[in-house]
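>>> Provided below are the primary sequence and the corresponding predicted coordinates.
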Amino acid sequence: KPALATARRRIERARDLVPYPADHAGLVEYVDATGILHRFLEAQPASKKEAAEAWYLLGVAESETARGFWVSQADLYLETAIRTDPKSPSAEPAYALLEEGIVLDYSGSAGVNVPRAERERLAELRGMIDGK
């Protein structure tokens, strides 16, 4: 049976293997963790808190493995983590990673130009976490 703790350990190991962001030394661990997490979610987690953590960890793995101009699902996974359980311990780090990715995506030589739709989405998610 896929275990959340096993996936968490794989991601921690992948982070330990990577001395700098562009290094792919942890790729196998991230991919393995992703498979475990997908199976974990398919098996219907016992709580929203566990499901939120699984979505957050998927977002972490995706953000570390899907570099470049390819379409990444990290945003979707991180947003799903927040929407699944905005009061879980995973919601705040999911929001931070999502916000960082969005700001970086819309930053350049002209400064930071995050579109209004993205700012509104972030504000909605922040409100869910803050209970507003």
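Received it, and whenever you're ready, just let me know what you need.
>>> tell me the centre residue of this structure?
Centroid-nearest residue in the chain, with CA atoms, centre = their mean: Gly59, separated by 2.2 Å.
>>> and it, helix, strand or coil?
For Gly59, the assignment made with DSSP: H, G, I helix; E, B strand; the rest coil gives helix.
>>> Touching, it and Ile82? I think so.
No. Between Gly59 and Ile82 there is no contact under CB atoms under 8 Å: 9.7 Å. Glycine gets a C-beta too; all of them are placed from N, C-alpha and C.
>>> okay, and the common contacts of those two?
Taking CB atoms under 8 Å, 6 or more residues apart in numbering as the contact rule, Gly59 and Ile82 both touch 94, 98.
>>> For the residue nearest to the centre of the chain, list the residues it contacts.
Gly59 neighbours (CB under 8 Å, 6+ apart): 74-75, 77-78, 81, 94, 97-98.
>>> now do Ile11
Here Ile11 is in contact with 29-30, 33, 57, 60-61 (criterion: CB under 8 Å, 6+ apart).
>>> Give me the mean pLDDT for the strand or helix carrying Ala5.
Assigned by DSSP states H and E, Ala5 belongs to helix 4-17. With pLDDT averaged residue by residue, helix 4-17 scores 94.
>>> Run the chain-centre distance for that helix.
Centroid separation between helix 4-17 and its chain, computed with CA atoms, centre = their mean, to the nearest Å, is 14 Å.
>>> Could you do stretch 19-39 as well?
13 Å.
>>> Could I get the contacting residues of Leu37?
2, 4, 7, 54, 57-58, 61.
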